[in-house]
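**Student:** predicted model follows, preceded by the sequence.
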Amino acid sequence: MFGAVGLGRGREGCREERARAGAREAEAAARAGEGEERVVARIGAGGHGDIETGGAELAPELAERAPRPALEAILAREGGPWRGEGQQRDVGREAREERRGVRPGDEGDAGAGARGAEKREREGEVAEAPELEHEEARPGRGVGGWRRFCQAGEVEFLIAGMTSHAQHLRRIGPALACAAAGGAVFWFFGNANRGYIDTASLFYWWGFQWFNDGSETEHGPLILAISGWLLWRNLRELRSAEGGVRNDGAGGARAALVALAGGLALHAVGFVAQQARISIVGLLVFAWGVLALGGGRRWGRAAVFPLAFLVFAVPVNVLDSVGFWLRLWVIEATAGLAHLAGFAVVRNGTQLFAPDGSYQYDVAAACSGVRSLMALAALSLLIGYLNFRGWGRRLAVWAWCVPLTYLGNVVRIAAVVFAGEWWGQRAGERVHEWAGFLVFVVVLGGVLLAAEAMRRWWPEKPVCNPIGYKLAGGGAGKSGFRGALAVVILAGAEMIFLGWLAGLPPRGGVGVMLAADGKNPVELPTFIGTEWIGRATEVTAIERELLPADTGYARKSYVAVADPAQRVFVSVVLSGRDRTSIHRPELCLVGQGWSIEGAGRERFAYPGRAEAGFAATVLRVKREVVTARGRTAVPELVAYWFVDGERVVATNAGRFWRDAWNRLARGRPDRWAYVLVQTGATDGEAAALARIQAVLDGTLPTFQRPLPAW
């Protein structure tokens, strides 16, 4: 479907130019003596035709493959008529002259009569084969086979391809060795995060994400299949552009070896920083190096986009933040459309409902469009890639996916609200069940229309780009074997290093004060003056199952003595060796049924230390509860921040970058603490923030050091 819009246009007009360019390249390669020496024979009935050769260096191998009388003229260095500028001999003409009794190079010619006889000879059904009187039959290689071959119709064959087993080994052998060594690295030491997915294999970690609902990368198998098809397509296109000339050598081996080493280096960075996504990028770079080393420049060029396309199958958590704002914009636009249509829709945060209560819908995070954004972005880029050759137009087509995804979700939510307005709550719910495909219709339809509009009003000039590769040499050669050996040694050294690193005990700074066991944070105080009483809150079994075993906890729920309805929950989670102990609270809050209405920053004071005040992220959340008066929305405030051995960090993104820097540049993986404070906000945000500060005044000095903010 995606390639139907103009795919293949302009190819007919390029054939002649490609042929001319290919002829020029072949002539230049022959003059320069570059590339693989080839012998191409087109032998017609009776042995006439022409035979091209690059020189006599192939004599030993040709003598083993063909009878001497048939090829001795090819290997002769002097005498005989020549073609072009004296670089190739018209051996077919020599053979014909010898049959007529004319020695190659004689001034005489057989004349018109001979030419007529020659024509009659060509028209014969079975022609005479070259005389093989000096040829001795070899076991399994009788003269009859060669005679039948020479008497066959015009045949084009590549003698170099018949004798290139050693070349294939020189090319494929190093690539297979590198693939095996790299595969061992990525399988046995591929993943340093053992929290949520307990595996050392990067392949398993990545594949697990494709079938995990929480990762929102269920489109991964589709991306993999498309990437495989793109590689096959690109190889076919490049082969066609080269005019069918075989060019499978390992040209560009140096670039391939650099990519192999670079991929291993990127993986080491990802392993040290405990960022499997960086390791996946390293895996893709390494895979390109293997293909380029084994298949040459053609495979290298053909594999660039398909491997880069696999990035769309990598889970990206940053999209959750994008999805939050996208959801708010979708809700605002839907409410505006409903008002324009004359519907008195009421918006309350992420809720849209009728004043009379006939319908009420809460736009969940899944309705923001972020789940489909990566898949739609991949398909949009695929459309641009298949329809245009220039990257400017390809990226222009791809850029349409973001606004169209927003528009598609507005259409979807508006359809739900309009159905509820006309036919009631249940009608809107039924529309919601099947309206997800509307997003794909809007996005893909809009992208295809944009591509067609660009083709009409911003057309590309016909580009005939025969691949400008030189005829490759005979495989990777000695340098390829030496480079592959270096890559194998590097992979082995990396496995030793990563194994040593994984076995080290936790080190670095600790974000909070520790209990006597050295694993958990110190216990929070039970009393805060005479105003608050702390009650122990147990860690749930689900939390202990999901988080690594060396994760530490300390939490209490504080109740005001004067008003038991006022409660403040304080939780401290301390990471161990694995950084996955620490995560963004937005994930847990949504999983617990809370709806995030907004986010901001607030500054909290450290009691007695004005310079130790710090900023924290504050979320405005809401959850519906069932009371005696019916369903009621309960608002609350959630404040959180992170602490390492030296700084207090307000955001998860800041923690990510600081932790990565400490691990890579300083070799110091700190044990981060994640502090969360939550309280109700039915009496207003100002009162809720005051309660949080009051509880922190009595608890901060007991578990958190007075550290500067980052």
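**Tutor:** Happy to help now that I have it.

**Student:** number of residues surrounding H267?
**Tutor:** The local packing of H267 (other C-beta atoms under 10 Å) involves 28 other residues. Where you see a C-beta, it was placed from the backbone N, CA and C, and this is true even at glycine.

**Student:** I should have written L546 there, sorry.
**Tutor:** The burial metric for L546, expressed as a neighbour count using other C-beta under 10 Å, is 15.

**Student:** repeat that for A354.
**Tutor:** What A354 shows, counting by other C-beta under 10 Å, is a neighbour count of 19.

**Student:** and it, its phi and psi?
**Tutor:** When read as degrees, to the nearest 10, the backbone of A354 gives phi -90, psi 150.

**Student:** hang on, it packs against G420?
**Tutor:** Yes - using C-beta atoms under 8 Å, A354 makes contact with G420 at a distance of 7.2 Å.

**Student:** what is in contact with those two at once?
**Tutor:** With contacts taken as C-beta atoms under 8 Å, 6 or more residues apart in numbering, A354 and G420 have no neighbour in common.

**Student:** any idea of the pLDDT on R103?
**Tutor:** For R103, the model assigns a pLDDT of 47.

**Student:** tell me what the longest strand belonging to the chain is packed against?
**Tutor:** Longest strand of the chain, by residue count under DSSP state E: strand 609-627. Counting contacts by 3 or more C-beta pairs under 8 Å, 6 or more residues apart in numbering; DSSP states H and E, strand 609-627 packs against helix 585-591, strand 595-606, strand 630-643.

**Student:** how many other residues sit next to C588?
**Tutor:** Under the neighbour criterion other C-beta under 10 Å, C588 is assigned a count of 14.

**Student:** my error: substitute W206 in the last question.
**Tutor:** Neighbour count of W206, defined by other C-beta under 10 Å: 25.

**Student:** just give the closest residue to it, not the sequence neighbours.
**Tutor:** Residue nearest to W206 in three dimensions, not counting chain neighbours: I280, with 6.0 Å by C-beta to C-beta, 6 or more residues apart in numbering.

**Student:** so that neighbour is in which element?
**Tutor:** For I280, the enclosing helix or strand under DSSP states H and E is helix 276-309.

**Student:** buried set for that helix?
**Tutor:** Within helix 276-309, the residues that qualify as buried are 276-303, 305-309, counting by 16 or more other C-beta atoms under 10 Å.

**Student:** then stretch 212-232?
**Tutor:** Per 16+ other C-beta under 10 Å, stretch 212-232 contains these buried residues: 215-217, 219-220, 223-224, 226-227, 230-231.

**Student:** list the contacts of it.
**Tutor:** Contacts to stretch 212-232, defined as C-beta under 8 Å, 6+ apart, come from residues 206-207, 209-211, 302-303, 305-307, 309-310, 312-315, 319, 370-371, 374-375, 378, 382, 385.

**Student:** just those residues: which are in helices?
**Tutor:** 206-207, 209-210, 302-303, 305-307, 309, 319, 370-371, 374-375, 378, 382, 385 (DSSP state H).

**Student:** farthest pair within the buried residues of stretch 212-232?
**Tutor:** Among the buried residues of stretch 212-232, the pair separated by the greatest distance (C-beta to C-beta) is E216 and L231, at 25.8 Å.

**Student:** could you flag which of the contacts of stretch 212-232 are buried?
**Tutor:** For those, a neighbour count by 16+ other C-beta under 10 Å gives the buried set as 206-207, 209-210, 302-303, 305-307, 309-310, 312-315, 319, 370-371, 374-375, 378, 382, 385.

**Student:** in a helix, L222, correct?
**Tutor:** Yes - assigned with DSSP: H, G, I helix; E, B strand; the rest coil, L222 falls within a helix.

**Student:** how near is it to L310?
**Tutor:** Note on L222: its distance to L310, by C-beta to C-beta, to the nearest Å, is 11 Å.

**Student:** could you do V441 as well?
**Tutor:** Counting by C-beta to C-beta, the gap between V441 and L310 amounts to 26 Å.

**Student:** same question, R601
**Tutor:** Note on R601: its distance to L310, by C-beta to C-beta, is 37 Å.

**Student:** which residues of the stretch 601-710 of the chain score low on pLDDT?
**Tutor:** Regions of the stretch 601-710 of the chain meeting the criterion pLDDT under 70 cover residues 625-631.

**Student:** one more: the stretch 201-350 of the chain?
**Tutor:** Screening the stretch 201-350 of the chain residue by residue with the criterion pLDDT under 70, one finds the ranges 214, 241-252, 317-324, 349.

**Student:** so where do the strands sit in the stretch 151-300 of the chain?
**Tutor:** Across the stretch 151-300 of the chain, reading from the start of the chain, the strands by DSSP state E, counting those that start in this stretch fall at 155-158.

**Student:** same check on the stretch 301-450 of the chain?
**Tutor:** In the stretch 301-450 of the chain, the segments counted as strands under DSSP E, counting those that start in this stretch are 346-348, 351-353, 360-362.

**Student:** make JSON lines out of the ones you listed and add mean neighbour count.
**Tutor:** Formatted as JSON lines, the entries for the strands of the stretch 301-450 of the chain read as follows, by neighbours: other C-beta atoms under 10 Å:
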{"stretch": "strand 346-348", "mean neighbour count": "14"}
{"stretch": "strand 351-353", "mean neighbour count": "20"}
{"stretch": "strand 360-362", "mean neighbour count": "18"}
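
**Student:** between those, which gets nearest to G492?
**Tutor:** The minimum distance between G492 and the strands of the stretch 301-450 of the chain falls on strand 360-362, with 55.0 Å, by C-beta to C-beta.

**Student:** hmm, who's touching that closest one?
**Tutor:** Surrounding strand 360-362, the residues in contact under the criterion C-beta under 8 Å, 6+ apart are 350-354, 413, 416-417, 420, 425, 428, 432, 595, 624.

**Student:** how far away is the closest residue to F189 other than its chain neighbours from G183?
**Tutor:** Using C-beta to C-beta, 6+ apart and skipping residues adjacent in sequence, the residue nearest F189 is L498, 4.1 Å away. Using C-beta to C-beta, we find L498 at a distance of 15 Å from G183.

**Student:** the two - which one has more neighbours?
**Tutor:** For L498 versus G183, the count of surrounding residues by other C-beta under 10 Å is larger for L498: 20 against 17.
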